[in-house]
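Asker: Would you be able to build a 3D model of this:
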Amino acid sequence: FFKQKTAYEILTCDWSSDVCSSDLGTGANKVGGEQPIDVDAPANGGADTLATLQAPAGQFTQSIVTVTASGGDVSGVDFGFNFDTIVNTNNAGQGSLRQFLLNANLLTDNAALAQTGRTAGVENSIFMIPGAGDALGRPVDPRYSGAPLAYTIQPGSWLPFLSDPVVLDGTTQPDFPGTPIIQLDGSAAGAGVDGLTLDGGSNTVRGLVLNRWGNNGIRMVTAGNNVIEGNYIGTDVTGSVALGNSATGVVIVPGSNNNRIGGTAAGARNIISANGVDGVRITGTANNLIQGNYIGTDVTGTANLGNVGEGIQLDSGASNNTVGGTAGGATNIIAFNGSDGIGVSGAATNANTIQRNAIFNNNGLGIDLATDGVSANDVNDPDAGPNNTQNFPVITSAVWDGVNTVVQGTLNSTIAGTFQIEVFSNAVCNGDQTGAPTGAPNDYGEGETYRDTVSVSDGDSDGTEPFTVNIPVDLTGQFITATATATNDTSEFSRCAAV
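Answerer: Coordinates of the predicted model:
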């Protein structure tokens, strides 16, 4: 094509592939271009120079490489376009989070555009925002912070809803230290605006910080099978400073089922704290799993960053949801919240299993069925209501015998059935760890430390069964509580028994 050996400057890698040819000059390797914070210069009209293309403020010719052509075709020049790379903290435009979400929603030929090593049909974000010491030599993004390490994206309005399967993964940022550093700050987006809205199903949100949004941090609607893991929702990037969202941290509304919030691996844990209403609210949906999270605490699980309302609220027909579980790492810490640890309300809100969590220092009950205070037991438990208003156990004694703390009690419930009784110890019967009152009935406890489970069945058809649990730890001076679960319906906590 070329008649003589000539060097040409060619604009390549417009907003860049995640890998560009290294033998074509340094420009081809700069993911996002020479100045990722700026928009790319337009096409050369034929007479433009670099100076005229780069004259407007905020505009830069993003990738310049030298290609030498001599006597034949030149191969390996990468004019590729990556829809999924996020290279700046801008509110909008090329290389921004907003543009990635728009791209993901608009792509229709997902299988043909599958990323190498990724699931076809799912767009996976690749964060490559330049910070200090950027390996590609790009200038530092202006919203980069070194101490604490953070990249802050501050949208000016609603972000596009996630209507097509997306993995929005902050852990892909090259200097990810093991905790979230991509911060979505909603303070400029306006009142009533949610941080992320998942309405297409099968999305994953991982490794982000969502704070200061005018409504909820994350809201799931329409479709389910979403995963929310490894995020800080309502705190700063350190997980120790309250920067709550105005309403609830994570909301699931009718139509979105089978979602997972957290997980059993330490890296899946969400910190969901300091939000203006509840930590998590599940309304009228089923088969959701909440595991391994810190709800109402800081990143250590010990300091008070309570949500203003419930730690977790299950209501309006939410059913067959699980909070906690028997697997290692499934325990949620639910503490310091301004109302109940877990509230369960609505007549059709049933079969919600609450197992092996650490629930303490909340301003209401640890578990509150109907969110109206202690729901008294009734003989043989014929009543309905949330979680069928399952009767709680009655602890009759708790004594250290020199070998075990021996806990004895009874459960009166329906005549037929098998019940799982979980036993917990608590530093105080209720109130905070100094024993100060919190407004909840002070003779009914929470469940600070899970100790053991015993299974009982009604063998004589009178509806009452005794139980004994031997805990090989001296718990003298502490308080014992228990819950009962039947057919996935978990009760409130029992009255305390002092050891």
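
Asker: need the strands for the stretch 151-300 of the chain, in chain order.
Answerer: 166-169, 182-185, 196-198, 204-206, 208-211, 218-220, 227-229, 232-233, 250-252, 260-262, 271-272, 280-283, 289-291, 294-295 (DSSP state E, counting those that start in this stretch).

Asker: Export those as TSV, with columns for mean pLDDT.
Answerer: Formatted as TSV, the strands of the stretch 151-300 of the chain follow (pLDDT from 0 to 100):
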stretch	mean pLDDT
strand 166-169	96
strand 182-185	98
strand 196-198	98
strand 204-206	98
strand 208-211	98
strand 218-220	98
strand 227-229	98
strand 232-233	99
strand 250-252	98
strand 260-262	98
strand 271-272	98
strand 280-283	98
strand 289-291	98
strand 294-295	98
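
Asker: quick one, which of the ones you listed is nearest to P382?
Answerer: Comparing the strands of the stretch 151-300 of the chain against P382 with C-beta to C-beta, the closest turns out to be strand 280-283 (27.0 Å). In short, each C-beta sits where N, CA and C put it, glycine included.

Asker: Tell me which other helices or strands that closest one touches.
Answerer: strand 250-252, strand 312-315 (3 or more C-beta pairs under 8 Å, 6 or more residues apart in numbering; DSSP states H and E).

Asker: Just give the strands next to the longest one in its sheet, each with its orientation.
Answerer: Just to be clear, that refers to strand 312-315. Paired strands of strand 312-315, with direction, are strand 280-283 (parallel), strand 342-344 (parallel) (DSSP bridges).

Asker: And for the shortest one?
Answerer: Paired neighbours of strand 250-252 in the sheet (DSSP bridges): strand 218-220 (parallel), strand 280-283 (parallel).

Asker: May I have the last one exported as CSV, CA atoms only?
Answerer: The one in question is strand 280-283. Taking C-alpha atoms only, strand 280-283 is exported to CSV below (Å, rounded to 0.1, in the frame of the first residue of the first chain):
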residue,chain,number,x,y,z
VAL,A,280,-31.4,-5.2,54.8
ARG,A,281,-35.1,-5.4,53.9
ILE,A,282,-36.7,-8.3,52.1
THR,A,283,-40.3,-7.6,51.0
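
Asker: that older thread, Throw the strands of the stretch 151-300 of the chain into TSV and include distance to A104 and mean neighbour count, thanks.
Answerer: Output for the strands of the stretch 151-300 of the chain, formatted as TSV (distance: least, C-beta to C-beta, whole Å; neighbours: other C-beta atoms under 10 Å):
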stretch	distance to A104	mean neighbour count
strand 166-169	5	23
strand 182-185	16	25
strand 196-198	12	26
strand 204-206	12	23
strand 208-211	15	28
strand 218-220	16	27
strand 227-229	16	24
strand 232-233	21	33
strand 250-252	21	28
strand 260-262	21	26
strand 271-272	25	33
strand 280-283	25	26
strand 289-291	25	26
strand 294-295	29	32
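
Asker: do you know which of these lies nearest A330?
Answerer: strand 289-291 (4.5 Å).

Asker: and the closest one, which strands flank it?
Answerer: Going by DSSP bridges, the partners of strand 289-291 are strand 260-262 (parallel), strand 322-324 (parallel).

Asker: Which among those strands is found nearest to T222?
Answerer: strand 260-262 (17.1 Å).

Asker: re earlier: closest one to G366 among the helices and strands packed on strand 280-283?
Answerer: Using C-beta to C-beta, those put strand 312-315 closest to G366, at 11.1 Å.

Asker: mind putting the strands paired with strand 250-252 in CSV, distance to W400 included?
Answerer: Below are the strands paired with strand 250-252 laid out as CSV (distance: least, C-beta to C-beta, whole Å):
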stretch, distance to W400
strand 218-220, 45
strand 280-283, 37
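
Asker: Out of those, flag the one nearest T353.
Answerer: Nearest of these (C-beta to C-beta): strand 280-283, 12.9 Å.

Asker: just how off-centre is the closest one within its chain?
Answerer: 13 Å (C-alpha atoms, centre = their mean, to the nearest Å).

Asker: Repeat that for stretch 273-284.
Answerer: 12 Å.

Asker: what's the first-to-last distance across it?
Answerer: By C-alpha to C-alpha, to the nearest Å, the extent of stretch 273-284 from end to end equals 23 Å.

Asker: now stretch 462-479
Answerer: Calculated as C-alpha to C-alpha, the first-to-last residue distance of stretch 462-479 is 29 Å.

Asker: in it, what counts as buried?
Answerer: Of all the residues in stretch 462-479, those buried under the rule 16 or more other C-beta atoms under 10 Å are G463, E465, F467, V469, I471, L475, Q478, F479.

Asker: picking up where we left off before, could you dump the strands of the stretch 151-300 of the chain into JSON lines with distance to V428 added?
Answerer: Formatted as JSON lines, those follow (distance: least, C-beta to C-beta, whole Å):
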{"stretch": "strand 166-169", "distance to V428": "41"}
{"stretch": "strand 182-185", "distance to V428": "36"}
{"stretch": "strand 196-198", "distance to V428": "38"}
{"stretch": "strand 204-206", "distance to V428": "36"}
{"stretch": "strand 208-211", "distance to V428": "31"}
{"stretch": "strand 218-220", "distance to V428": "33"}
{"stretch": "strand 227-229", "distance to V428": "32"}
{"stretch": "strand 232-233", "distance to V428": "28"}
{"stretch": "strand 250-252", "distance to V428": "29"}
{"stretch": "strand 260-262", "distance to V428": "27"}
{"stretch": "strand 271-272", "distance to V428": "24"}
{"stretch": "strand 280-283", "distance to V428": "25"}
{"stretch": "strand 289-291", "distance to V428": "25"}
{"stretch": "strand 294-295", "distance to V428": "20"}
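
Asker: of all those, which lies closest to A57?
Answerer: For the strands of the stretch 151-300 of the chain, the distance to A57 is smallest for strand 182-185, at 24.2 Å, taking C-beta to C-beta.

Asker: Is it correct that A347 is in contact with A384?
Answerer: Yes. A347 is in contact with A384 according to C-beta atoms under 8 Å; the separation is 6.4 Å.

Asker: Looking at the two, which is more packed in?
Answerer: A347 (13 against 10; other C-beta atoms under 10 Å).

Asker: can you tell me which residues contact the more buried one?
Answerer: A384, G385, P386 (C-beta atoms under 8 Å, 6 or more residues apart in numbering).

Asker: Among those, find me the one that's closest to D141.
Answerer: P386 (48.1 Å).

Asker: Next, that closest one: phi, psi?
Answerer: phi -60, psi 140 (degrees, to the nearest 10).

Asker: list the contacts for it?
Answerer: P386 touches L314, V344, S345, G346, A347, T349, N350, N352, L369, A370, counting by C-beta under 8 Å, 6+ apart.

Asker: for the strands of the stretch 151-300 of the chain, which one sits closest to S319?
Answerer: Of the strands of the stretch 151-300 of the chain, the one closest to S319 (C-beta to C-beta) turns out to be strand 280-283, at 9.6 Å.

Asker: Export only the CA atoms of stretch 490-499, formatted as PDB.
Answerer: C-alpha atoms of stretch 490-499 as PDB (Å, rounded to 0.1, in the frame of the first residue of the first chain):
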ATOM      1  CA  THR A 490     -37.900 -19.600  63.800                       C
ATOM      2  CA  SER A 491     -39.200 -18.200  67.100                       C
ATOM      3  CA  GLU A 492     -38.200 -15.200  69.100                       C
ATOM      4  CA  PHE A 493     -35.600 -15.600  71.800                       C
ATOM      5  CA  SER A 494     -36.600 -17.000  75.100                       C
ATOM      6  CA  ARG A 495     -36.600 -15.300  78.400                       C
ATOM      7  CA  CYS A 496     -33.100 -15.100  79.900                       C
ATOM      8  CA  ALA A 497     -31.800 -17.600  82.500                       C
ATOM      9  CA  ALA A 498     -28.800 -16.600  84.500                       C
ATOM     10  CA  VAL A 499     -26.000 -19.200  85.000                       C
END
